[in-house]
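**Student:** attaching a predicted model along with its sequence, questions to come.
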Amino acid sequence: MAFSSFTWPFRRRAGPSKPSAAAEGKEEDAEALGVTPQLLDFLRTLSPDAFKSSALQLHQGAAGELSDWQQRHAVLVLARAKELAKVRYDLCPRHMKDKQFWTIYFLLARTYILPYELRAIQKEKVRRMETDNGKSKDVIAVEVEMQESKCSRESQTLPDDSEPEGS
């Protein structure tokens, strides 16, 4: 039997390819999850050594559970940034645990993804307050913004604890 007589199930169908609504939705999800071209450019510069040196500076107990947003971000960024997936494959579990890898990742990429994570937290707070109180969305959004601005003012008056002790 000739090889050409076998059908290949993954063959592309004939016809023009149009971006589907699902693909457009995925782009919006990527934006909401902070997977931007700037982040992807930054991730191309990361090496296993960057994670190893950061692991030495981190306390062992600093690795916590990932939030839902962080989990969705991690899945998407691994699919989009093959370089990061390779670094993770090289490091986990031989040199560090997966939790520690993601803790270091979110610290290294903080400047790129923090605004997106804060926006997701704000939306979740609004949604939760809406369901609890039954108030209108506009009133709750103002309350959340006021609460966040108060917290940010308080955090600016606190000493910066991002420096490791003894430095």
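**Tutor:** Happy to help now that I have it. Numbering: from 1, shown residues only.
**Student:** pLDDT weak spots in this structure?
**Tutor:** 1-28, 59-63, 134-167 (pLDDT under 70).
**Student:** what ranges do the helices span in it?
**Tutor:** 21-32, 37-44, 48-57, 68-80, 82-91, 98-108, 110-133, 137-157 (DSSP state H).
**Student:** could I get the CA-only coordinates of the fifth one as CSV?
**Tutor:** Which is helix 82-91. The C-alpha trace of helix 82-91 is given here as CSV (Å, rounded to 0.1, in the frame of the first residue of the first chain):
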residue,chain,number,x,y,z
LYS,A,82,8.6,29.3,24.3
GLU,A,83,11.8,30.6,25.8
LEU,A,84,10.2,30.8,29.2
ALA,A,85,8.8,27.3,28.8
LYS,A,86,12.3,26.0,28.0
VAL,A,87,13.8,27.8,31.0
ARG,A,88,11.1,26.3,33.2
TYR,A,89,11.8,22.9,31.8
ASP,A,90,15.5,23.3,32.5
LEU,A,91,15.0,24.4,36.1
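**Student:** in that helix, what's buried?
**Tutor:** 84, 87-88, 91 (16 or more other C-beta atoms under 10 Å). The C-beta positions use only the backbone N, C-alpha and C, and glycine is treated the same way.
**Student:** for the third one, same thing?
**Tutor:** Residues of helix 48-57 classed as buried by neighbour count (16+ other C-beta under 10 Å): 51, 54-55.
**Student:** got it, and the shortest one?
**Tutor:** Of the residues in helix 37-44, those buried under the neighbour-count criterion (16+ other C-beta under 10 Å) are 39-40, 42-43.
**Student:** dump those residues to CSV, plus distance to Glu65.
**Tutor:** Formatted as CSV, the buried residues of helix 37-44 follow (distance: C-beta to C-beta, whole Å):
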residue, distance to Glu65
Leu39, 22
Leu40, 25
Phe42, 24
Leu43, 23
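**Student:** pull the most distant pair out of the residues you listed.
**Tutor:** Leu40 and Phe42 (7.3 Å; C-beta to C-beta).
**Student:** picking up where we left off before, out of the buried residues of helix 82-91, which one sits closest to Pro115?
**Tutor:** Of the buried residues of helix 82-91, the one sitting nearest to Pro115 (C-beta to C-beta) turns out to be Leu84, at 19.9 Å.
**Student:** can you name the residues that contact that closest one?
**Tutor:** 43, 46, 77-78, 105 (C-beta atoms under 8 Å, 6 or more residues apart in numbering).
**Student:** of those, which pair is most distant in space?
**Tutor:** Leu46 and Leu78 (12.9 Å).
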